[in-house]
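Peer 1: Kindly return the folded structure for what I paste below:
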Amino acid sequence: MKDILIITNYFPPEIGAASNRIFQLAEGLQQHYFKVCVVTPFPNYPNGKIFEGYRGKFKHTSIENNITVHRLWLYASNSKNKLLRLFAMLSYSLSLIWFFLRHNIPKTVIIQSPPLLVAFTSIFFLRSKKRKLILNVSDLWPLAGLELGALKKGLVYQILERIEQFNYKYAHLILGQSQEILNHVISTFPIKETLLYRNFPNFKLPHIIDVPSPSKKLKLVYAGLLGVAQGVYKLCQELDYTTIEFHIYGSGAERTKIENFIAKHPRLDIKYHGELSRNELHQELLRYDVTIIPLLNRIYGSVPSKIFEYARLGLPVVYFGGGEGETIVRKNNLGWSAKAGDYNNLNIVISKLNPVEINYGLKKQIQIKALKTFDYNLQLDQLIQTI
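Peer 2: Model prediction:
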């Protein structure tokens, strides 16, 4: 049985794509006879507060699904203050250094990036000719920060670029969630070993509900992080509610703004449902006609994992973010797309959707396509062959 260590910022009981992705990877490796150990901070995402049961501790170790999970202290914060956010990342990096000094580290380590500083700390202290470091890149930072408007070009950006390049240089294998990420890496390190490793889900296939909607309006739903990048608050302001109901699930930085907007506009057909567990959410989503996957700005390298999650549920999507994600939706006939950033075009696309035509047959077709094209087990086998 081969030992493997996974270093990540996100892990259950936190909810969201990042924690689901890493848990699924850890569980998949464990089922293929790897002895898996995960190092992660105390759960605090997305509200920036350490969960009940973990407060007042420096370290917590448990066995979960036959996986050893070490949870380390950090200063939890989701403040908009950049210095506080930086201190939060540095605090986890310091805990990681403490962990590295006190534990025997396996010869194979998977490191999640971003955050860049956490990946940098791990690679800087663990690089060795006898150890294989695998960098799992889900977003391109600092480039994504620049496109989101969170960063500006200058000294800080240059430092982050240097850190990014260091991480790529000393990683032995780079996993990219999109082909754009891999293209970005190869542009600087052409001989670097890379593998396209998307966030394919592996949950039990649900039974599609074959019941016509009693409403004449299209039931549109968004479920996920209510962050700046997703732009759901902007979406609430720009959607044309003439022919749609808009339903929202999730939490994040924009939650309060969204709730306040709904309270101030009671005549709009929009409802916020709060947070649900992943399994509960899947059952709820089956009741809707179509889901929307928005990005406030086109982000190079970003492919939202919701594409694959919803396809497995058989739920058609309206994709509103451009780039590689839009290509995947179009190529696999998973729904419709609107021009990134063009809310007028988005409303036109949505207005042409007929709830009667979004029926069992269409949803089953999407689900079958997902099973054939987004094969989690095949992808995992490819990764195992490289470890």
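Peer 1: CA atoms for contacts and neighbours, from now on please.
Peer 2: Fine.
Peer 1: do you know how far residue 268 is from residue 136?
Peer 2: To residue 136, residue 268 is 42 Å away according to CA to CA, to the nearest Å.
Peer 1: Comparing the two, which shows the higher neighbour count?
Peer 2: residue 136 (26 against 18; other CA atoms under 10 Å).
Peer 1: on contacts alone, who are the packing partners of the helix or strand harbouring that one?
Peer 2: Counting by DSSP states H and E, the element that carries residue 136 is strand 132-137. Here strand 132-137 is seen to pack against strand 108-113, helix 116-126, helix 155-170, strand 173-176 when contacts are counted using 3 or more CA pairs under 8 Å, 6 or more residues apart in numbering; DSSP states H and E.
Peer 1: Identify each buried residue in the third one, please.
Peer 2: For helix 155-170, burial by neighbour count (16 or more other CA atoms under 10 Å) applies to 157, 160, 161, 163, 164, 167, 168, 169, 170.
Peer 1: how about the strands in the stretch 151-300 of the chain?
Peer 2: 173-176, 193-196, 218-223, 244-249, 270-272, 290-294 (DSSP state E, counting those that start in this stretch).
Peer 1: Between the ones you listed, which one is closest to residue 382.
Peer 2: The closest of those to residue 382 is strand 193-196. By CA to CA, the value is 8.6 Å.
Peer 1: Partner strands of the closest one, with direction?
Peer 2: With DSSP bridges as the test, strand 193-196 is paired with strand 173-176 (parallel).
Peer 1: Can you pull out the residues in contact with the partner strand?
Peer 2: 132-138, 168, 182, 192-198 (CA atoms under 8 Å, 6 or more residues apart in numbering).
Peer 1: next one: that strand to chain centre, how far?
Peer 2: Put simply, strand 173-176 sits 16 Å off its chain's centre (CA atoms, centre = their mean, to the nearest Å).
Peer 1: repeat for stretch 261-268
Peer 2: On CA atoms, centre = their mean, the centre of stretch 261-268 falls 29 Å from that of its chain.
Peer 1: again with stretch 266-276
Peer 2: Relative to its parent chain, stretch 266-276 has a centroid offset of 23 Å by CA atoms, centre = their mean.
Peer 1: Which residue is the nearest non-sequential neighbour of residue 25?
Peer 2: Excluding the flanking residues, the one nearest residue 25 by CA to CA, 6 or more residues apart in numbering is residue 380, at 7.9 Å.
Peer 1: go on, residue 113?
Peer 2: Nearest non-adjacent residue to residue 113 (CA to CA, 6+ apart): residue 137, at 4.9 Å.
Peer 1: Count residues in the vicinity of that neighbour, would you?
Peer 2: With other CA under 10 Å as criterion, residue 137 counts 26.
Peer 1: Low-confidence ranges, the stretch 101-250 of the chain, go.
Peer 2: Low-confidence segments of the stretch 101-250 of the chain, defined by pLDDT under 70: 211-215.
Peer 1: Report how many residues lie close to the residue lying closest to residue 360 once chain neighbours are set aside.
Peer 2: Nearest residue to residue 360, sequence neighbours excluded (CA to CA, 6+ apart): residue 210, at 5.4 Å. Other residues within reach of residue 210, judged by other CA under 10 Å, total 13.
Peer 1: can I assume residue 210 is in contact with residue 358?
Peer 2: No: shown here, residue 210 and residue 358 do not form a contact pair, counting by CA atoms under 8 Å, at 10.6 Å.
Peer 1: need the contact list for residue 158.
Peer 2: So residue 158 contacts nothing (CA under 8 Å, 6+ apart).
Peer 1: Three-state assignment for residue 302, please.
Peer 2: Secondary structure of residue 302, reduced to three states by DSSP: H, G, I helix; E, B strand; the rest coil: coil.
Peer 1: If we ignore the residues flanking it in sequence, what's nearest it?
Peer 2: Per CA to CA, 6+ apart, closest to residue 302 is residue 139, 6.1 Å.
Peer 1: which SS state does the one you found fall under?
Peer 2: coil.
Peer 1: Could you check how many residues crowd around it?
Peer 2: The number of residues near residue 139, taken as other CA under 10 Å, comes to 22.
Peer 1: re the thing from before, list the buried ones in whatever helix or strand comes next after the strand holding residue 136?
Peer 2: Per DSSP H and E, the first helix or strand lying C-terminal to strand 132-137 is helix 143-148. The neighbour-count check on helix 143-148 (16+ other CA under 10 Å) flags 143, 144, 145, 147, 148 as buried.
Peer 1: Pull the most distant pair out of those.
Peer 2: Checking the buried residues of helix 143-148 with CA to CA, the most distant pair is 143 and 148, at 8.7 Å.
Peer 1: Could you list every helix and strand that the lengthiest strand in the chain packs against?
Peer 2: Counting residues, the longest strand found in the chain (DSSP state E) is strand 34-41. Counting contacts by 3+ CA pairs under 8 Å, 6+ apart, strand 34-41 packs against strand 2-7, helix 17-31, strand 67-72.
Peer 1: Same list (these) but as JSON lines, adding mean neighbour count, mean pLDDT and distance to residue 39.
Peer 2: Converted to JSON lines, those look like this (neighbours: other CA atoms under 10 Å; pLDDT from 0 to 100; distance: least, CA to CA, whole Å):
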{"stretch": "strand 2-7", "mean neighbour count": "20", "mean pLDDT": "96", "distance to residue 39": "5"}
{"stretch": "helix 17-31", "mean neighbour count": "19", "mean pLDDT": "91", "distance to residue 39": "11"}
{"stretch": "strand 67-72", "mean neighbour count": "20", "mean pLDDT": "96", "distance to residue 39": "5"}
